[in-house]
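Visitor: Pasted the sequence and its predicted model underneath.
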Amino acid sequence: MFHFLLTLSKWLESTWWGTGARSTLWGYPFVQLTHFSGLSLWLGTNIAVDLRLLGVGKKQQTASQLSDALFAWNWTGFGIAVLGGFLLLSASASTYVQNPAFQVKLGILVPTALVWHIVVQRKTRGWGKTQETPAIAKLAGLAELLLWVCVITAAVLIPNY
Amino acid sequence: MLNFCEWLEQTKLVSTIGGTGWMYVTFSVMHYFSWFVLVGTIVLIDLRVLGVAARSQSVSRLAGQLFPWTWTALGLALFSGFVMFATGAGDFYPDRVFRVKIGVIALALIFTFIVQRNVPKWDRAPSISAGGKLLAFISLALWVGTILAGVEVPAISGLG
């Protein structure tokens, strides 16, 4: 399995996009820009709904209304973030797949946070109908927020390994 | 000023933070997290003004909900950013790329203030003027610019 990943990694590094991201002056920052811009949309919309579920800040609208309004850009942001992430990965795939922080981030934390986000997003339609959200909704929103903080922590630790 | 920065860098508190892995990571995570929330919320408001996001609600409703979080995130970003700056103040302060980053942030903030002040006026109008949309577009572009400037500091100058 690992040998397969390594072979796949070497292939990714040799592609035109992997090479471009790695070896041109503007390639790598531009790829980072894509990943972080996508993350701003993705996390901005996620955290906004989480905060509204938690009841933090203004209550100009229900959590359900906010979630519905932000839905399209939430997933657009996700798409952009994944594209940027894929390009970042391609630049030095073989070092990333052997990096423990990256393994934890992409192998465990991102799938968990993503699944949880989908659960929260779907549940918010019911939870978020009233101005005051039920306790379980607050807990779910907090859990999602903390999960994404964990993902960012793992990402920040990648250069350390 | 450079003397102040070099002094700041070697104070007990700052050098402890800079030299302790988990402390620096904490501020780094805070900085990324708050930056994503800051840029994400502003960009969403700008996209609403441009008429391509959250059309189910008025500009003032979306902005009223998001702006408080925007400014809180900005506070956290500035705080965590300052702490990280302090740990390498002597290197950051003279760096041209870092100065460009701060300049772009300042510009972006100015446009965000302008957008925020115009929100009530845009709400009352039947549709938002081309000038208003241009303002929102510039704000959006500048905030994306802050991300680019942010990644260029380590890329070009090797700092942070």
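Guide: Received the coordinates, thanks. Numbering: from 1, shown residues only, chains lettered A, B, ... in the order given.
Visitor: Let's verify the residue of chain A found nearest chain B: helix, strand, or coil?
Guide: The minimum distance from chain A to chain B, using C-beta to the nearest C-beta, falls at residue A:44 (1.4 Å). Just so you know, the C-beta spots here come from the backbone N, C-alpha and C atoms, and that holds for glycine as well. Secondary structure, DSSP: H, G, I helix; E, B strand; the rest coil: residue A:44 is helix.
Visitor: in what helix or strand does the nearest residue to it once chain neighbours are set aside lie?
Guide: Sequence neighbours aside, residue B:40 is the residue nearest to residue A:44 in space, at 1.4 Å (criterion: C-beta to C-beta, 6 or more residues apart in numbering or on different chains). Under the criterion of DSSP states H and E, residue B:40 resides in helix B:21-49.
Visitor: For chain A, which residues are neighbours of chain B?
Guide: Applying C-beta under 8 Å from any C-beta of the partner chain, we find that chain A lies next to chain B at A:28-29, A:32-33, A:36-37, A:39-45, A:47-48, A:51-52, A:57-58, A:60-61, A:65-66, A:68-70, A:72-73, A:77, A:148-149, A:152-153, A:155-157, A:160.
Visitor: Please pick the buried ones from those residues.
Guide: A:28-29, A:32-33, A:36-37, A:39-45, A:47-48, A:51-52, A:57, A:60-61, A:65-66, A:68-70, A:73, A:77, A:148-149, A:152-153, A:155-157 (16 or more other C-beta atoms under 10 Å in any protein chain shown).
Visitor: where exactly do the helices run in chain B?
Guide: Taking DSSP state H to define them, one finds helices in chain B at B:2-9, B:12-19, B:21-49, B:59-87, B:89-92, B:96-124, B:130-152.
Visitor: So which of those helices is the most surrounded?
Guide: helix B:21-49 (a mean of 22; mean count of other C-beta atoms under 10 Å in any protein chain shown).
Visitor: what angle sits between that helix and helix B:96-124?
Guide: 40 degrees (axes from the mean of the first three to the mean of the last three C-alpha atoms, to 10 degrees).
Visitor: From the contact counts, what lies against helix B:21-49?
Guide: helix A:27-54, helix A:63-91, helix A:135-157, helix B:12-19, helix B:59-87, helix B:96-124, helix B:130-152 (3 or more C-beta pairs under 8 Å, 6 or more residues apart in numbering or on different chains; DSSP states H and E).
Visitor: Kindly state the pLDDT recorded for residue A:54?
Guide: pLDDT recorded at residue A:54 is 95.
Visitor: That one reaches residue A:141, doesn't it?
Guide: Yes - if you go by C-beta atoms under 8 Å, residue A:54 and residue A:141 touch, sitting 4.9 Å apart.
Visitor: which residues touch residue 140?
Guide: Let's take chain A. A:53, A:116, A:119-120, A:123, A:127 (C-beta atoms under 8 Å, 6 or more residues apart in numbering or on different chains).
Visitor: Oops, wrong one, chain B.
Guide: Contacts of residue B:140 (C-beta under 8 Å, 6+ apart): B:42-43, B:46-47, B:50.
Visitor: switch the cut-off to 10 Å
Guide: Counting by C-beta atoms under 10 Å, 6 or more residues apart in numbering or on different chains, residue B:140 makes contact with B:39, B:42-47, B:49-50, B:108, B:111, B:115.
Visitor: Residue A:104 sits in which helix or strand?
Guide: helix A:100-104.
Visitor: in that helix, what's buried?
Guide: In helix A:100-104, counting by 16+ other C-beta under 10 Å, buried: A:101-104.
Visitor: In a markdown table: these, plus pLDDT.
Guide: Formatted as a markdown table, the buried residues of helix A:100-104 follow (pLDDT from 0 to 100):
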| residue | pLDDT |
| --- | --- |
| A:101 | 97 |
| A:102 | 97 |
| A:103 | 96 |
| A:104 | 97 |
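Visitor: returning to that earlier point: can you tell me which of the helices of chain B is nearest to residue A:11?
Guide: The closest of the helices of chain B to residue A:11 is helix B:130-152. By C-beta to C-beta, the value is 26.1 Å.
Visitor: Send me the closest one as PDB with only the CA atoms.
Guide: Taking Å, rounded to 0.1, in the frame of the first residue of the first chain, the C-alpha atoms of helix B:130-152 are listed here in PDB:
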ATOM      1  CA  ALA B 130     -22.000  50.000 -10.500                       C
ATOM      2  CA  GLY B 131     -19.900  52.200  -8.200                       C
ATOM      3  CA  GLY B 132     -21.000  50.100  -5.200                       C
ATOM      4  CA  LYS B 133     -20.100  46.900  -6.900                       C
ATOM      5  CA  LEU B 134     -16.700  48.300  -7.900                       C
ATOM      6  CA  LEU B 135     -16.100  49.100  -4.300                       C
ATOM      7  CA  ALA B 136     -17.000  45.600  -3.200                       C
ATOM      8  CA  PHE B 137     -14.800  44.100  -6.000                       C
ATOM      9  CA  ILE B 138     -11.800  46.200  -4.900                       C
ATOM     10  CA  SER B 139     -12.300  45.100  -1.300                       C
ATOM     11  CA  LEU B 140     -12.500  41.500  -2.400                       C
ATOM     12  CA  ALA B 141      -9.400  41.800  -4.500                       C
ATOM     13  CA  LEU B 142      -7.500  43.500  -1.800                       C
ATOM     14  CA  TRP B 143      -8.300  40.800   0.800                       C
ATOM     15  CA  VAL B 144      -7.200  38.100  -1.600                       C
ATOM     16  CA  GLY B 145      -4.100  40.300  -2.000                       C
ATOM     17  CA  THR B 146      -3.500  40.100   1.700                       C
ATOM     18  CA  ILE B 147      -3.400  36.300   1.400                       C
ATOM     19  CA  LEU B 148      -0.900  36.500  -1.400                       C
ATOM     20  CA  ALA B 149       1.200  39.000   0.400                       C
ATOM     21  CA  GLY B 150       1.100  36.700   3.500                       C
ATOM     22  CA  VAL B 151       2.400  33.600   1.600                       C
ATOM     23  CA  GLU B 152       5.000  35.700  -0.200                       C
END
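Visitor: Noted, bye for now.
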